[in-house]
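S.K.: Okay, predicted coordinates and the sequence, questions at the end:
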Amino acid sequence: MTQGIRIGELARRTGLSPDVLRVWERRFKLFSPDRTPGGYRLYTSADERLARDVIALKEQGIGLAAAVKQARSAFEPGAPVPTNEELAKDIDDAVCALDQVAVVAAVRRATHLLGVEAAIVDVFLPYLVVLGHQWETGQVSVAHEHFASHTIRKHVGALGLDLASAGRRVGIVACPPGERHDIAALMTAVVLSRRGWSVRFLGADTPLAAIDTVATRVRADAVVLGGTRREVFEPLTPLVRRLSGSTQVAIGGSGASEELAASIGATLLPSDPVQAVLHLDALVVEPSRSA
């Protein structure tokens, strides 16, 4: 079976309109999509990377035709393609040098080459794990960890799509009280938005009463809570019970487990943000409100 994404999904991922994508395809032959038996175009992750490279070059003041030519040249046969490990090392080298310009460039490069979702899963999250080990062993300081986290957080956060809630599934993503590490939750929120959800990201250390109030007010289809320690999830049972009649409550992160999720009545999500969002897609197939 032919794999790929439809033009509407490509538009959501890149922030371009389907009309603009069609013009780029027709005028510059930037994409060569496959077709379904029904005639629908199917695009690939390489197409997304090409579109993002063109966007990045245009933002630097390069004309559209020149940007297309330059972006396409990077995909010519024989052009070196860095591995995920090399992309992560570029970030690490820049962080160790505390080089702001180089860190931003390395983070952007990973996104442009891999696409948003793959960069999150295959580069940013693994690198942050390595960085945490480096801090624990004294190879880097807490300043390096904060420097890297801030840069990646700012970059990833800007990749989310702001969608109106009418006719869409609404998700809330937060960390319970006592949980201050929210970058993985932010990544999940961004991927959710790029899958067509209207998302309210509440961040770290959010009071349960606030989560309850927001979930009720926006009529959330799903509430996603992330944590790195088991104890931050243990007080959630009353909240889950209150919301369970109308909202899917899910937990994820290194502090979550199948046994813990079952004990509080929540759904356990995979640690991979993309797989977590696909799981939520399956749980909440249709929006709970009329368009």
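M.R.: Looks like it came in fine.

S.K.: CA atoms for contacts and neighbours, from now on please.
M.R.: Fine.

S.K.: Which residue ranges of this protein form helices?
M.R.: 7-14, 18-28, 45-59, 64-73, 84-96, 100-114, 116-119, 125-136, 142-157, 183-194, 208-218, 237-243, 258-264, 273-283 (DSSP state H).

S.K.: If you tally nearby residues, what's the number for the closest residue to residue 90 other than its chain neighbours?
M.R.: Sequence neighbours aside, residue 106 is the residue nearest to residue 90 in space, at 5.9 Å (criterion: C-alpha to C-alpha, 6 or more residues apart in numbering). For residue 106, the neighbour count with other C-alpha atoms under 10 Å is 21.

S.K.: quick one on the thing from earlier: the helices of the chain: which one's closest to residue 167?
M.R.: helix 208-218 (12.6 Å; C-alpha to C-alpha).

S.K.: Give the other helices and strands that that closest one contacts.
M.R.: strand 170-174, helix 237-243 (3 or more C-alpha pairs under 8 Å, 6 or more residues apart in numbering; DSSP states H and E).

S.K.: Is it possible to get CSV of the helices of the chain that adds distance to residue 174 and mean pLDDT?
M.R.: Below are the helices of the chain laid out as CSV (distance: least, C-alpha to C-alpha, whole Å; pLDDT from 0 to 100):
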stretch, distance to residue 174, mean pLDDT
helix 7-14, 23, 87
helix 18-28, 32, 92
helix 45-59, 29, 81
helix 64-73, 37, 83
helix 84-96, 27, 95
helix 100-114, 24, 88
helix 116-119, 20, 89
helix 125-136, 18, 94
helix 142-157, 14, 95
helix 183-194, 7, 94
helix 208-218, 8, 95
helix 237-243, 13, 93
helix 258-264, 16, 95
helix 273-283, 14, 92
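
S.K.: how far away is residue 90 from residue 153?
M.R.: Distance, residue 90 to residue 153, using C-alpha to C-alpha, to the nearest Å: 17 Å.

S.K.: Could you do residue 19 as well?
M.R.: 31 Å.

S.K.: who's in contact with the closest residue to residue 142 other than its chain neighbours?
M.R.: For residue 142, ignoring the flanking residues on the chain, the nearest one in space by C-alpha to C-alpha, 6+ apart is residue 135 at 6.6 Å. By C-alpha atoms under 8 Å, 6 or more residues apart in numbering, the contact set of residue 135 is 141-142, 145.

S.K.: If we use 10 Å, what do you get?
M.R.: Each residue near residue 135 by C-alpha atoms under 10 Å, 6 or more residues apart in numbering is listed here: 141-145.

S.K.: hang on, the earlier thing: and the helices and strands packed on helix 208-218: which comes nearest residue 115?
M.R.: Using C-alpha to C-alpha as the measure, strand 170-174 is the one of the helices and strands packed on helix 208-218 that comes nearest residue 115, at 22.2 Å.

S.K.: Output the contacting helices and strands for that closest one.
M.R.: helix 183-194, strand 198-203, helix 208-218, strand 222-226, strand 248-252 (3 or more C-alpha pairs under 10 Å, 6 or more residues apart in numbering; DSSP states H and E).

S.K.: pretty sure residue 285 is touching residue 196, no?
M.R.: No - the pair residue 285 and residue 196 fails to qualify as a contact (C-alpha atoms under 10 Å) at a distance of 11.7 Å.

S.K.: For these two, list the residues in contact with both.
M.R.: Common neighbours of residue 285 and residue 196 (C-alpha under 10 Å, 6+ apart) are residue 169.

S.K.: The two: who's more crowded?
M.R.: Neighbours were counted for residue 285 and for residue 196 using other C-alpha under 10 Å; residue 196 has more, 20 against 10.

S.K.: Can you verify my assumption that that one contacts residue 10?
M.R.: No - contact criterion C-alpha under 10 Å: residue 196 and residue 10 do not qualify, at 11.5 Å.

S.K.: picking up where we left off before, mean neighbour count, the helices of the chain: which tops it?
M.R.: Of all these, helix 183-194 carries the top mean neighbour count, a mean of 26, counting by mean count of other C-alpha atoms under 10 Å.

S.K.: from the chain's centre, how far out does that one sit?
M.R.: 4 Å (C-alpha atoms, centre = their mean, to the nearest Å).
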